[in-house]
Structures are given as structure tokens and as C-alpha cells.
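J.: Fold the following, please.
(one chain, ligands or ions: 1)
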Amino acid sequence: MAKEIPKFSPAAGFGKNVTDFDLSTATDAHISTLKDAFSEAGVLFFHGQELSPEQHLEFAERWGQINVNRFFATVADYPKIAEVRKEPDQQINIGGGWHTDHSYDEIPALGSMLLARELPQVGGDTLFASTVLAYEGLSSAMKETLERLSAVHSSRHVFGARPEMPGEMSSRIGNQEAALQDAVHPVVIEHPLSGKKSLYVNPGFTLRFDGWTAEESEPLLKFLYGHITRPEYTYRHRWGDGGMAFWDNRATWHFAINDYHGQKRLMHRITLEGEPLRAAVG
Ligand code: SIN
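T.: Numbering: from 1, shown residues only. Below is the predicted model of the structure:
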């Protein structure tokens, strides 16, 4: 039956659309096919799914252990599902800048399954960038330079208590006292699934190169951020009803576009545990 066999088509230079497939019917063989596609593509886009929160959780659990984000509000009765919500009277969205989730953790999350629950009539797209393609597009000399570096990441400046945190965020972000940790990761990692090299710095959470000051780090980080967001390494995803994006934090960045003021957007996000990151060698 058509709805039971996953078909794949490229979304861009990276990322794959999965069509003709109802996630709630996934067999172990389907999961294995999807895992291969995920490892290769960095992000999978599913369409027209009619998943209950239980089915969303069940599907996620077939990939690994769920990581409960300590800062996000959760869905009522589902503490393992984070809410990515913007109401018509709110101005700020969650994730409205380039980032990769959880890079501030010692063991950053593998990725997230973001399921559309209520979409604005117009707008609310999400941008994705491939940190694997971006790495491959650098010169050999730059690759060698970066492979010797690590970078410091933090959650303090984003989720920690700070006077300029807008009041409207208080219903969506909490637990600010838990924003204590910094983590150091290699700038070029060997991707845990594909073995490909990937750039692991991001504008959301990276503070500086390890052993460098923030001022010294800024020009090179700025270059890398501009490079990773070149059009050939990015893709703009337009959401449809029942759409779900499943991205890999170690191979992509994402950016939720905030262009739908006065309308509501509600997404359910389940995040999966990752594994320690290793520096790419050779
Ligand atoms: C996020 O950064 O997790 C949210 C992405 C989105 O809402 O499109």
C-alpha cells in the first residue's frame, strides 16, 4: 500500500523528503531504512502525518532515548514533549536565529522531531543549513586550521536569568537557574552516524575558540557563520499540516523565521539523546 513504503526525494543539496509513508505504521525494516537516510541527509521531512502525542513519542523512542529539554515549557500531560509556541499577541519566537540545539551540553542531543500542530496561514517557515556541505566547501588550509581547534559553548546568555529577557518569554522558557553549564567541543567533528566531517560551531551558543579570547575568536567565527549560511548550503522548509522535520544537530543548523505576527504557530518537539562528540582526524 502506497502509504506504507517510505519514498525519498532530495529536499536540496542535503535533506530528504519522505513521502507515501504513514509514520504510525513504521516497521523495524522501515526504521532501519529511515536511519540510513537520516545519516546521509542530516534532516528528513515527513508530510501529512496524523500523529497523536503518544504516536509521536512511540516513533521517537524507536530511535533512542528521549532528552527532556530543561528550559522549554512542555505539552500538558506529556512532559517529554516540548512546546514551541508563539501566540498572536507575542512578538518573539523560539529559535529565531541560526543555531544547533544543545551544543552547550557535554553530550549534545542527537536531534529533534518537530511536528506541526497549528500553523500560521502564511509564514513560519524554518531554514536549515548543512554543516557537512559547508565543511566540504572550505579550502584545505582552512580545514586543517579548524581541525586543530575546539570551541566553548554555553546556555547562560540564552536561557539564563538576565534583565533583558522579555517578559513574554516567561510562559515558554523556564528553569533559568539550570543554565549553568559550558561545554567544549571540537570545531570539526567526525559525525557519529555518517563518519563525515562537520563544522560544530553555531551563532546561538558558541562563545569563542578554546584558549582564545572572544575578540580573537570573533572574525573567524563570523567568517564561518557567513560561510555556513551561503545559499548553496541552506534550504527553506515550508510547513504543511501534519508536517514533521527530524534534524540532526551534528550535521545541520536551523532557524525559525519570525514573519507571522498576529497569527499562532504551535509545534511539538521531541529531542533525542546524543553521544559524546569526537574530533575529526586526518
Ligand atoms: C527550534 O529551534 O527548535 C524551533 C524550530 C521551529 O520552530 O521551526
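
J.: Could you use CA atoms for every contact and neighbour count after this?
T.: Fine.

J.: ok, stretch 36-43 near the ligand or not?
T.: No. If you take C-alpha under 6 Å from any ligand atom as the test, stretch 36-43 misses the ligand, and the best it gets is 12.8 Å.

J.: Identify all contacting residues around that stretch.
T.: For stretch 36-43, contacts defined as C-alpha atoms under 8 Å, 6 or more residues apart in numbering pick out 14-16, 44, 130, 193-194, 245-248, 251-252.

J.: same thing but at 7 Å, please
T.: Residues from elsewhere that reach stretch 36-43 (C-alpha atoms under 7 Å, 6 or more residues apart in numbering): 14-16, 44, 193-194, 245-248, 251-252.

J.: Could you identify the helix or strand that succeeds the helix or strand residue 220 falls within?
T.: Applying DSSP states H and E as the criterion places residue 220 in helix 214-228. As assigned by DSSP H and E, the chain's next helix or strand after helix 214-228 is strand 234-237.

J.: What ranges does the stretch 1-150 of the chain have for its strands?
T.: Secondary structure of the stretch 1-150 of the chain, counting by DSSP state E, counting those that start in this stretch: strands at 4-10, 16-21, 43-46, 66-67, 74-75, 78-86, 111-118, 126-130, 150-154.

J.: By mean pLDDT, show me the worst of the ones you listed.
T.: With a mean of 83, strand 4-10 has the lowest mean pLDDT of the strands of the stretch 1-150 of the chain.

J.: Can you tell me the closest non-neighbouring residue to the residue in the chain that the ligand sits nearest to?
T.: Residue nearest to the ligand within the chain: residue 95 (3.6 Å; C-alpha to the nearest ligand atom). Nearest residue to residue 95, sequence neighbours excluded (C-alpha to C-alpha, 6 or more residues apart in numbering): residue 256, at 5.3 Å.

J.: dump the residue contacts of that neighbour.
T.: 95-97, 124-127.

J.: cool, residue 84 as well?
T.: Contacts for residue 84 (C-alpha under 7 Å, 6+ apart) come out as 94, 266-269.

J.: Wait, residue 129 touches residue 251, no?
T.: No. Applying C-alpha atoms under 7 Å as the test, residue 129 and residue 251 come out as separate, 8.5 Å apart.

J.: which bits of this structure sit near the ligand?
T.: By C-alpha under 6 Å from any ligand atom, the residues of the chain that approach the ligand are 84, 94-95, 126, 256.

J.: ok, now with 8 Å
T.: 84-85, 93-96, 99-101, 112, 114, 124-127, 254-257, 267, 269 (C-alpha under 8 Å from any ligand atom).

J.: So what's the predicted local confidence for residue 160?
T.: 59.

J.: Please apply the same query to residue 156.
T.: pLDDT at residue 156 comes out at 70.

J.: What does it show for phi and psi?
T.: phi -60, psi -50 (degrees, to the nearest 10).

J.: Could you do residue 244 as well?
T.: Here is the backbone geometry of residue 244 (degrees, to the nearest 10): phi -140, psi 130.

J.: can you count the residues close to it?
T.: Burial of residue 244 is recorded as 26 neighbouring residues (other C-alpha atoms under 10 Å).

J.: can you check residue 76 too?
T.: When neighbours are counted by other C-alpha under 10 Å, residue 76 registers 10.

J.: go on, residue 6?
T.: Neighbour count for residue 6, taken as other C-alpha under 10 Å: 19.

J.: what residues are up against it?
T.: By C-alpha under 7 Å, 6+ apart, residue 6 lies in contact with 18-21.

J.: most neighbours, which of the residues you listed?
T.: Each of the contacts of residue 6 was scored for neighbours by other C-alpha under 10 Å, and residue 18 scores highest at 23 neighbours.

J.: right, and that residue touches residue 45 too?
T.: Yes. With contacts counted by C-alpha under 7 Å, residue 18 reaches residue 45, the gap being 5.9 Å.
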